[in-house]
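Colleague: Got a predicted model here, sequence first, then my questions.
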Amino acid sequence: MCMGGGGGDNGAAEQRRKEEERQGRVREGKANIDKNFAGFDDGFYSGRTQSYLDYANPQLEDQFKDAQRELTLALARSNLLNSSARARRFADLKKDYDMQSRSIADKANQYGSRARSSVESAKSDLYSQNANIANPTLASQNAQARAMSLTEMPAYSPLGQLFAGVTSGIATQMDLERRGKNRYNMSGLFDSGDSSSIKE
């Protein structure tokens, strides 16, 4: 009975030894994963954010300059450069510019957040695989492949026409202002005519 008990102890000890070896391989595999993902830090994510800003902001500035030029020409053609409409139009254009600038900044932050989420998801998957296979070499190879794919820059889409309606309604504005002046001039005639009829 003693011998049988001893054999059982030896079997348990062997299992513990194998499990300790497996855990050692898992730890080594995790270290390999972390090593391959060491470059994904705050600087990497802020770089993704800045990359989109560098891509989109020059387009925004170019479109804004073009819109200013188009608006100036349209106002000049309608003889509204010295009118109150000019101030309103340029104020509205600046408001649109600020809104588009904030939208670009938000989208840039989304690229940074999305990159962080993708990296964390990839690491989680790799950790799970590593715990199952307990193969440090394979864990390192998988981590290297995933890390390489995560460093690829996303494909950015060009900005659409951000200030397409900048000159819309200017001709109508000119007509309204002209009618307003005519109405003012005509009202003087109507007032005098009305007062004479009251006297009668």
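Modeller: Perfect, I can see it now.
Colleague: mind checking which helix or strand Tyr55 is in?
Modeller: helix 42-77 (DSSP states H and E).
Colleague: which strands and helices sit next to that helix?
Modeller: For helix 42-77, the contact count by 3 or more C-beta pairs under 8 Å, 6 or more residues apart in numbering; DSSP states H and E identifies helix 84-133 as packing neighbours. C-beta: built from backbone N, CA, C; applies to glycine.
Colleague: chain center to the helix it packs on: distance?
Modeller: Relative to its chain's centre, helix 84-133 lies at 2 Å (C-alpha atoms, centre = their mean, to the nearest Å).
Colleague: Now tell me which helix or strand of this protein has the poorest mean pLDDT.
Modeller: When the helices and strands of the chain are scored by mean pLDDT, DSSP states H and E, helix 170-199 comes last with a mean of 50.
Colleague: So the residue nearest the centre of the chain versus Thr49, what's the distance?
Modeller: Central residue of the chain (C-alpha atoms, centre = their mean): Lys107, 1.0 Å from the mean position. Computed as C-beta to C-beta, to the nearest Å, the Lys107 to Thr49 distance reads 9 Å.
Colleague: so what sits against both of these two?
Modeller: Residues touching both Lys107 and Thr49 by C-beta atoms under 8 Å, 6 or more residues apart in numbering: none at all.
Colleague: Could you list the low-confidence segments of this protein?
Modeller: For the chain, the stretches with pLDDT under 70 are 1-9, 171-200.
Colleague: Tell me how the protein divides into domains.
Modeller: 12-152, 169-200 (automatic domain parsing).
Colleague: most packed of those?
Modeller: Highest mean neighbour count among the domains of the chain (mean count of other C-beta atoms under 10 Å): domain 12-152, with a mean of 15.
Colleague: How far does it stretch from one end to the other?
Modeller: Terminal residues of domain 12-152 lie 48 Å apart, using C-alpha to C-alpha, to the nearest Å.
Colleague: The helix or strand where Ala145 lies - contacts with which helices or strands?
Modeller: According to DSSP H and E, Ala145 maps onto helix 136-150. Packing partners of helix 136-150 (3+ C-beta pairs under 8 Å, 6+ apart): helix 2-36, helix 84-133.
Colleague: For Ala164, which three-state class applies?
Modeller: At Ala164 the chain is in coil, as set by DSSP: H, G, I helix; E, B strand; the rest coil.
Colleague: What count of nearby residues applies to it?
Modeller: 10 (other C-beta atoms under 10 Å).
Colleague: Might you report the residue contacts of it?
Modeller: If a contact means C-beta under 8 Å, 6+ apart, then Ala164 has no contacts.
Colleague: picking that back up, quick one: residues in contact with the helix holding Ala145.
Modeller: 25, 28-33, 35-37, 39-40, 115, 118-119, 122, 125-126, 129-130, 133.
Colleague: can we see that at 10 Å?
Modeller: Contacts with helix 136-150, where a contact means C-beta atoms under 10 Å, 6 or more residues apart in numbering, come from 24-40, 44, 115, 118-119, 121-123, 125-127, 129-131, 133, 135.
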